Structures are given as structure tokens and as C-alpha cells.
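**Q** model this:
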Amino acid sequence: METPQLALWIVVTLVLVALAFDFMNGFHDAANSIATVVSTRVLSPYQAVMMAALFNFLALLVFQLSVATTIGRGIIDQGVVDHFLVFGALVGAISWNVITWYYGIPSSSSHALIGGLVGAAVAKAGTWALVPAGLLKTIAFIFVAPLLGMLLGATLMLAVAWLFVRSSPSRVDRWFRRLQLISASLYSLGHGGNDAQKTIGIIWMLLIAAGYLGTQDPVPVWVIAACYVTIALGTAFGGWRIVKTMGQRITKLKPVGGCCAETGGAIMLFVATGLGIPVSTTHTITGAIVGVGSAQSASAVRWGVAGNILWAWILTIPCSAFIAGAAWYLGRLLLSTA
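**A** Below is the predicted model:
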């Protein structure tokens, strides 16, 4: 039997673990925001991460909490949520993030978290605990986000090539070195808006399950501020192992290509966040980079590298779900006997 003091201690601990995931999300996904602008040498790595961190935080002022609502209420049934389930979900997501970061694989922190929720919920209550509409919408965007990112990146690249057909390469480079500062800022804004809300949704879900909030209560301001500050700090520290893969191994980028990729990715993120769809910023920018490369030449894209990344995308939800299910079981076993 849990005492009120123990219950409070568990909630505080899980909030800190959720913020640790949020920090890791920013750290892991920093490459999505900065890889293109660093690889084109428009900004130094230090300048790029500081700019990305600032715009991650400023997203707090721009976006509604639509994605947080989807995570908090639209993936699993609120009735099955307890601290064991949240613990399992976070362990599954964090573990997969660490594994993919170590190997330099640009996988999705977002889908790792969703996989964690699914795995812990199924381990506890079976598949009936899942909310099909929200889950299917999220899974669909595993494919839709990179495809739309690819389409937007390729379309923008072709449009720029047509508009600047009579301009010298040096003039184009000079223009897009400036414009890439805007496109990278917009992408970082979209990244903060979509990704910080996923942790907001988790903490909101936990506080409702613990009885500190009612089901109709709004998200506390401290939760929103803490999540945006934490993801910005994670971005500021940066995930350098992944920058090289995103910035140069998929295709060689120049400022014009980096600008088109970031703009296409940013448009996709703004639309998805407005619709409340928790998409992967990793999938989105990777698709946009592939689109930019393929608009120049199919041979400009290293399809083997892109294929390895695709496998990581496919494995993210089932692997994080498996780890989360095991973590839920161990957490329940250990805390129940404590």
C-alpha cells in the first residue's frame, strides 16, 4: 500500500525522468535542426545549436497544445495510466534513444515515446487499451511525413533552380547563405513546437492519473515552461554523432539545398503541429534532404545510407515497445515488493 508521501515521491521522480527524456529528445534531435546549416558552413556548430535552442524555446509562444492532447489522450486509454505504465514508457523511449544515438542513427524520439506508451499499455491491459484513431494517424505519418518532406524539398529545389537559372553560382550561394538562417530558425521552431509537447502530454497524463489534476483541467503553466526549457537545453548540448549522418552522408548539401530542405521540413512540421499529429522531426528532415538530393540527381543520394535509416524507423516502435513492456513488468515487480 502506497503512502501519500511515497506516491508524491514517485510522481516527482517520474516527472524528472520525463524531463530527462525531453532533454535527450533535444540532444538526440539537435542534428535535425542544425545538420544542414552546419554542413553547408553557414554557421559554426556552436552558433547553430544556440540558435536552434533559442527557437525551440520560442515555440512556446507560437503553438497550441494540440500534440500534447494527442499524446495525453489519443494514443492509449486514460483509464489504464498509472505510474508503472509511465515508468515503462519512458524507460523504453530513453533506452532506444541511447542505443540509436550511440550508433549515430537518426531515429525518432517521438516514435520511441509512442512505442513506449504502446508497449507498457499492452503489457498492462492488452490491446484494448490502445486508441486506434490516434495510433493509426500517428503510424500513418511515419510514412506521410518523410514523403511530404521529400516532395516539398524536391519541389522547392526545382523551383529555385528555375528562378535562378540565369544567376551565377556565387550569387545563388550568397543569397541562400543568408536565407538559410531563416529556414533553419523556422525548422527549429517547428521542432520545439512538436517535440516539447510530447513530454508535456506525458506529464499531463501522469498528473491526471495520480489525482493531482482533473481530466478537464488545463496543463499547468510550470509543465509547459519546464518542457520547453528542457528541450532547448538538450538541443544546446547537441547530438554530434548524428550531425554527420544527416548533414553529409545522405547527400552533399550546399546552402541552396540546405535552405530548401529546412523550409520543406518546417512547412511539414507547422502543418502537423497545427493538426495535433506527433510526427518525427527526424523523418521529416531526412525526407526533405533526400528530396533535395534527388531533385539534383538520383545518384546524388546515397540510397544505402537512406535504407539503413529506413530500417531504424521501422524498428523504432516495436523495439521501444518491447523494452517498455519489460520495464513495466520489472518496475511493477520491484516497487510492489519494496
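**Q** ok, Ile71 - contacts?
**A** Leu113, Ile114, Leu117, Gln197, Lys198, Ile200, Gly201, Ile202, Met205, Pro278 (CB atoms under 8 Å, 6 or more residues apart in numbering). Bear in mind the C-beta positions are built from the backbone N, C-alpha and C, glycine included.
**Q** host element of the fourth one?
**A** Secondary-structure assignment from DSSP states H and E places Gln197 in helix 169-209.
**Q** quick one: buried residues of the next helix-or-strand element following that helix?
**A** Using DSSP H and E, the helix or strand that follows helix 169-209 in sequence is helix 221-237. For helix 221-237, a neighbour-count test (16 or more other CB atoms under 10 Å) marks 223-224, 226-236 as buried.
**Q** Trp313 contacts Ile139, correct?
**A** No - taking contacts as CB atoms under 8 Å, Trp313 lies outside contact range of Ile139: 11.2 Å.
**Q** More neighbours: the two, which one.
**A** Using other CB atoms under 10 Å, the more surrounded residue of Trp313 and Ile139 is Trp313, with 20 against 14.
**Q** Show me which helix or strand of this protein is least confident by mean pLDDT.
**A** helix 240-244 (a mean of 52; mean pLDDT, DSSP states H and E).
**Q** distance between the following helix or strand past it and the chain's centre?
**A** Per DSSP H and E, the first helix or strand lying C-terminal to helix 240-244 is helix 255-275. The chain centre lies 14 Å from the centre of helix 255-275; the measure is CA atoms, centre = their mean, to the nearest Å.
**Q** which strands and helices sit next to helix 255-275?
**A** helix 4-39, helix 66-73, helix 132-163, helix 169-209, helix 281-296 (3 or more CB pairs under 8 Å, 6 or more residues apart in numbering; DSSP states H and E).
**Q** Can you tell me which of the ones you listed is most buried?
**A** helix 281-296 (a mean of 28; mean count of other CB atoms under 10 Å).
**Q** Can you report phi and psi for Ile277?
**A** As for Ile277, its main-chain torsions (degrees, to the nearest 10) stand at phi -100, psi 120.
**Q** Verify the stated contact: it with Ile75.
**A** No - using CB under 8 Å, Ile277 is not in contact with Ile75, being 11.6 Å away.
**Q** Need the overlap of contacts for these two.
**A** Thr138.
**Q** Which one's more surrounded, these two?
**A** Ile75 (24 against 21).
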